Structures are given as structure tokens and as C-alpha cells.
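# Dropping the sequence and predicted coords here.
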Amino acid sequence: MENQPTILVVDDEFGVLQSFKMVLKDEFKVLLAATGTEALDIYNKNAIDLILLDILLPDSNGLDLLEKLKELDSNIEIIMITAVRDIQTAVKAIRLGAYDYIVKPFDVVEVLKIIRRALEKYDLVKKVIYLKNELGRLNVFEEMIGQDIKMKKIYDLISMYSQTDGTVLIQGESGTGKELAARAIHRRSLRKDQPFVVINCAAIPTTLMESEIFGYQKGAFTGAVTTVIGKLEIAQKGTVFLDDIDSLSTAMQSKLLRVIQEKEFEKIGSRKVVQLDVRFIATSNQDLLRLIEKGEFREDLFYRLNVLPLELPALRERISDITLLVNHFLEYYSKNTGKPTKEISQEALQLLLGYDWPGNVRELKNLIERLTTIIKNPVIRYQDVSMLSERKKIKIRGMRLKDAVGEFEKNFITEILEQLNYNVKEAAKVMDVHRNTLINKMKEYGLKS
Ligand SMILES: Nc1ncnc2c1ncn2[C@@H]1O[C@H](COP(=O)(O)OP(=O)(O)OP(=O)(O)O)[C@@H](O)[C@H]1O
Ligand SMILES: [Mg+2]
């Protein structure tokens with residue numbers, strides 16, 4: 001069967017190998033090795049989830065091998081196999097990073113229990129990384145609002161698409177609800193209890209994109225001091241959300257195309273092929289066909305992605321929903337702040353209905369948030385709305401180029417530092433500036449170091 005965890009058993013006794021195989025083969029993919037050399041060879045060519053390792057091997061010491069394997073991938077779980085007289089050594093092995101040990105002759109139920117627990121630990125590590133990513137995304141469980149016929153068609157497509165496993169391409173202007181729609185598809189699909197992993201193609205610098213997606217093996221490049229789990233691996237069995245796919249470099253487009261086609265990938269610096277079981281949902285707020293004409297987007301990737309298309313309407317194309325959304329957000333922000341729900345006057349609403357909303361639902365949502373925070377009156381009036389939008393215009397007109405560049409620089413530096421856990425040395429290298437230059441900039445912008 002596909003997607004069973006793979007276990008490598010290393011023991012020099014033929015009988016022991018065979019009995020492990022018998023016990024494990026229904027639940028796991030089992031690989032066998034009789035010597036240390038053979039074990040390393042198999043390890044280098046296969047994606048292994050767990051290793052059962054005999055302490056006494058003909059050509060090497062089990063403890064040395066344990067250290068070597070942990071060096072290669074600190075995330076891999078290793079369970080030692082030992083005879084009663086070697087228990088002392090087994091305890092030492094745990095100090096060196098082994099998960100547990102099994103004493104020969106082993107008890108089948110006990111062995112299965114230990115193995116399952118060790119594999120769960122690996123899943124937990126992945127889950128923690130995933131949840132850290134999801135934290136701070138406020139709209140995770142938000143519902144979609146809208147009764148316009150255009151939205152009803154969208155709801156129909158979403159429920160149809162959730163019943164299948166095909167790749168979805170969501171297009172639409174900025175702020176039309178592309179991420180919301182993607183999450184809705186995931187939540188209604190068979191993968192709903194598995195991760196929904198966001199890969200933000202626009203926010204991650206090109207230089208970091210590959211490690212972010214694929215992860216890397218310790219020692220794959222200078223600076224790769226540990227093995228890192230990539231987003232594809234975290235998403236296993238769930239949904240990969242490729243946000244703003246139009247921003248992807250052409251090199252990454254080719255790599256991604258391969259992954260989507262072959263449903264397999266390799267960590268950077270590793271020759272092991274990992275089978276991938278995920279559903280892809282991509283978004284773009286650019287006209288991809290135009291980008292293809294200009295030679296900026298791969299046509300073959302477009303057709304791979306555009307299996308199930310979803311085109312979200314701009315807010316100005318569904319004016320009847322504006323009132324609904326305004327009331328929804330008024331209630332939403334009053335709930336958030338614990339204040340009574342504000343009302344909106346007819347004149348103020350008319351103003352909102354006549355606006356063309358280039359930033360779509362997001363712009364409307366932000367405006368309502370500002371209104372509920374700033375306006376003291378229980379009713380939002382015409383002049384409140386015109387004042388707030390007017391102030392915004394003045395602010396945009398009054399922005400000096402120098403300040404705009406500074407703001408961009410600050411955001412850019414923050415982004416890269418966050419990606420690299422505030423490793424200033426690495427960040428300076430990525431940005432190709434001297435370390436002191438970066439430190440000075442960080443001081444200038446008041447960024448923590
Ligand atoms: N139909 C809707 N009902 C309620 N809220 C919505 C709706 N559409 C969008 N929103 C809200 O508007 C904001 C923007 O939505 P979302 O992030 O999904 O947009 P997007 O299309 O991905 O935008 P971008 O292209 O800028 O990334 C979010 O806070 C979302 O909750
Ligand atoms: Mg988005």
C-alpha cells in the first residue's frame with residue numbers, strides 16, 4: 001500500500017530480521033539490512049521513517065551507527081534492539097538520541113506499541129511546526145458572506161470541488177476572498193482533518209523558497225546545520241495552498257511542476273524520493289494567460305493547476321452584497337471589542353454602495369474596523385465615512401519617496417530576519433550586504449536583534 005510508514009530493520013541474525021518482517025509487514029513497509037554498511041546504503045536511497053537497530057553488528061558498533069544516522073537527520077526515530085546482557089549499552093544509546101530499546105526475544109504487542117508511539121512523535125513535531133504557522137492567521141474559520149447570484153455559483157463550485165481531489169486554481173482581484181475559498185474547499189474535503197499548509201509565494205524571498213518548500217538535509221549547503229522539514233512534508237495527506245503563484249520565479253515554477261506531475265519530491269541535499277499525498281490549491285490575482293504570453297509564467301504549469309478553475313467576482317460586480325457585508329462586519333467587530341453593535345445611516349451606506357472598492361472585501365472590512373474603533377457615536381454618519389476615506393487619500397498624496405523606500409526596506413529586512421530566526425549573519429549573506437550594514441539598518445528601524 002502507498003503511504004505506509006517505512007521501517008528499516010538492522011540485525012545480523014537472519015531469524016530476527018524475518019520475525020520482525022512478519023510482525024510489521026501488515027502495517028508498515030519493511031526494509032532489511034544485515035550489516036551497518038548495508039543499513040547506511042539503504043538509508044541513503046530510501047525515505048525511512050523509523051529504524052530498528054541492533055547494538056551488535058558484524059562490521060560496526062550499533063552505537064556508532066546510531067550517532068552517524070542522527071547526524072544525518074536528527075528527526076529520525078531509532079529504536080535499539082538488544083540482548084538482556086547489553087541493557088547498559090541500550091541505556092547509553094538513549095542518551096545518544098535513540099527513542100527506546102527492545103529486548104530480545106521481543107514481545108510482539110510491546111514492539112508494535114513502541115513503534116507506533118515513536119511514529120506519533122514524529123507526526124507531533126510536524127504538527128507543532130504547522131500550528132505555529134497557523135497562529136496569527138485570524139480568518140482561519142471565517143465563513144463566506146454573500147447572496148449575490150455570482151456568489152451562489154461560487155458556493156456550488158466549492159462544494160463540487162471539495163468532493164474531488166483535483167488541483168484548484170482560484171483567480172480574482174486582491175481581497176476578493178481567495179484564501180477564504182481555498183480554506184472552505186479544504187474544510188469540506190476528505191482531507192479536512194489534515195493540515196492546510198500555506199506557501200506564500202509572494203512573501204518568501206526567492207532564495208529561501210526552495211528550502212521552505214522542500215526542506216533540506218543537514219550539510220546540504222553552508223549554513224544547513226540541521227535537517228529541516230519542508231512545507232510539502234508538513235502538508236502530507238492534507239492540502240498545499242500555493243498563494244500568489246504568479247510571483248514564483250521561473251526556476252521554482254519548473255520544480256513545482258515536477259512535484260505536481262510526479263507526486264514526489266526530494267529534500268535539498270538528499271537523494272531520497274518521498275511520495276507526496278497532497279491536494280494543491282493555487283491562487284493568483286494576475287491574469288496568468290497574459291503572463292504566459294509575456295513568457296513570465298509556464299504554460300504547462302498553468303494547465304496543471306487550472307484543472308478546476310474558480311474565478312471570484314470583484315465586490316463592485318456584486319453590489320447587492322455590500323449591505324450584507326457591512327452589517328456582518330459591524331457585528332463582527334462589535335463582538336471582537338465587546339462594544340454594542342453600531343448602525344449605519346442610509347446616507348453613509350449610499351456612499352459605500354457608490355464606491356468601486358479596488359481592494360474588494362478586505363478594503364471594506366478594514367474600513368468598518370476603522371469606523372468602529374474611531375467613531376464614538378452609535379450611528380455611523382455620512383461625514384464619518386467621507387472623513388475617513390478622505391484622510392486616507394491625503395496620506396497617500398503626502399508620502400515622500402524617501403519615506404516609502406524606507407518603509408519598504410524595513411519590511412523587507414523584517415521579513416528575511418523572521419524567515420531566518422533573526423540569524424543576522426545568515427540574513428546579511430542572503431541580502432548580500434555587510435553584517436555591520438544590516439546591524440545599523442536594524443538599529444535605524446528599531447528592529448529587535
Ligand atoms: N465573502 C466574504 N465574506 C466574508 N469575509 C470575506 C469574504 N471575502 C473576503 N473576506 C475577508 O476579506 C479579507 C481578504 O480575504 P482573502 O485573504 O481571502 O482575500 P484574497 O483574495 O486572498 O486577497 P489577496 O489577493 O490580497 O491575497 C479576509 O479578512 C477575509 O476574511
Ligand atoms: Mg490571499
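Structure received. Residues are numbered from 1 along each chain as shown. Ligands and ions are numbered 1, 2, ... in the order given.

# switch to C-alpha atoms for all contacts and neighbour counts from now on
Noted.

# and V9, what element?
Using DSSP states H and E, V9 maps to strand 6-10.

# That strand packs against which elements?
The contact analysis (3 or more Cα pairs under 8 Å, 6 or more residues apart in numbering; DSSP states H and E) places strand 6-10 against helix 14-24, strand 29-33, helix 36-45, strand 50-54.

# In the sheet, which strands lie alongside that strand, parallel or antiparallel?
Sheet pairing of strand 6-10 (DSSP bridges) gives strand 29-33 (parallel), strand 50-54 (parallel).

# Dump the helices and strands packed on strand 6-10 into CSV; add mean neighbour count as well.
Putting the helices and strands packed on strand 6-10 into CSV (neighbours: other Cα atoms under 10 Å) gives the following:
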stretch, mean neighbour count
helix 14-24, 15
strand 29-33, 20
helix 36-45, 16
strand 50-54, 25
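
# I'd like these as TSV, with mean pLDDT and distance to ligand 1 appended.
Shown next, in TSV, are those (pLDDT from 0 to 100; distance: least, Cα to the nearest ligand atom, whole Å):
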stretch	mean pLDDT	distance to ligand 1
helix 14-24	93	45
strand 29-33	96	40
helix 36-45	93	39
strand 50-54	95	39
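
# for those, which one sits closest to R304?
With Cα to Cα as the criterion, R304 lies closest to helix 36-45 of the helices and strands packed on strand 6-10, at 28.9 Å.

# angle of the closest one against strand 6-10?
170 degrees (axes from the mean of the first three to the mean of the last three Cα atoms, to 10 degrees).

# what stretches of this protein score poorly on pLDDT?
Within the chain, the ranges that satisfy pLDDT under 70 run 1-2, 135-142, 388-400, 404, 449.

# Which positions in it make contact with ligand 1?
Contact residues, the chain versus ligand 1 (Cα under 6 Å from any ligand atom): 139, 144-146, 173-180, 285, 361-362.

# longest helix of the protein?
Assignment by DSSP state H gives helix 108-134 as the longest helix of the chain.

# Closest one to Q236 out of the residues of the chain next to ligand 1, please.
Distances from Q236 to the residues of the chain next to ligand 1, taken as Cα to Cα, are shortest for E179 (19.6 Å).

# quick one: contacts for that closest one?
Residues near E179 by Cα atoms under 8 Å, 6 or more residues apart in numbering: 243, 283.

# which SSE is it in?
Using DSSP H and E, E179 maps to helix 178-188.

# Closest to the mean position in this structure, which residue would that be?
By Cα atoms, centre = their mean, the chain has its centre lying nearest to V197, at 3.4 Å.

# Can I get the helix holding E179 in PDB, CA atoms only?
Output of helix 178-188 as PDB, limited to C-alpha atoms (Å, rounded to 0.1, in the frame of the first residue of the first chain):
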ATOM      1  CA  LYS A 178      -9.400  33.600  -2.500                       C
ATOM      2  CA  GLU A 179      -7.800  32.300   0.700                       C
ATOM      3  CA  LEU A 180     -11.200  32.100   2.400                       C
ATOM      4  CA  ALA A 181     -12.500  30.000  -0.600                       C
ATOM      5  CA  ALA A 182      -9.400  27.700  -0.500                       C
ATOM      6  CA  ARG A 183      -9.900  27.000   3.200                       C
ATOM      7  CA  ALA A 184     -13.600  26.400   2.600                       C
ATOM      8  CA  ILE A 185     -12.800  23.700  -0.100                       C
ATOM      9  CA  HIS A 186     -10.300  22.100   2.300                       C
ATOM     10  CA  ARG A 187     -12.700  22.100   5.200                       C
ATOM     11  CA  ARG A 188     -15.400  20.300   3.300                       C
END
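
# Distance from that helix to the middle of the chain?
Offset of helix 178-188 from its chain centre (Cα atoms, centre = their mean, to the nearest Å): 15 Å.

# Does anything pack onto the helix or strand following it? Which helices or strands?
Heading C-terminal from helix 178-188, the first helix or strand you meet, by DSSP H and E, is strand 196-200. Secondary-structure packing of strand 196-200 (3+ Cα pairs under 8 Å, 6+ apart): helix 231-234, strand 239-243.

# how far does the strand holding V9 sit from the chain's center?
For strand 6-10, the distance to the chain centre is 29 Å (Cα atoms, centre = their mean).

# what residues does that strand touch?
When contacts are defined by Cα under 8 Å, 6+ apart, strand 6-10 is touched by residues 17, 20, 28-36, 39, 43, 47-54.

# That strand to helix 108-134, inter-axis angle?
Counting by the same axes, to 10 degrees, strand 6-10 points 130 degrees away from the direction of helix 108-134.

# nearest to V259, of the strands paired with strand 6-10?
Each of those has some distance to V259 by Cα to Cα; the shortest is strand 29-33, at 22.6 Å.

# Restrict the closest one to CA atoms and write it as PDB.
Extracted C-alpha coordinates of strand 29-33, given in PDB (Å, rounded to 0.1, in the frame of the first residue of the first chain):
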ATOM      1  CA  LYS A  29       6.800  -1.000   4.500                       C
ATOM      2  CA  VAL A  30       9.700  -3.000   5.800                       C
ATOM      3  CA  LEU A  31      13.300  -2.900   4.600                       C
ATOM      4  CA  LEU A  32      16.000  -5.200   6.000                       C
ATOM      5  CA  ALA A  33      19.800  -4.900   6.500                       C
END
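
# Can you give the contact residues for that strand?
Residues contacting strand 29-33 (Cα under 8 Å, 6+ apart): 4-12, 17, 21, 24, 39, 42.

# May I have the phi/psi pair for the closest residue to ligand 1 within the stretch 201-350 of the chain?
Here the stretch 201-350 of the chain gets closest to ligand 1 at one residue, N285, 5.5 Å apart by Cα to the nearest ligand atom. Its backbone dihedrals place N285 at phi -110, psi 10, with angles given as degrees, to the nearest 10.

# Many thanks, I have nothing further to ask.
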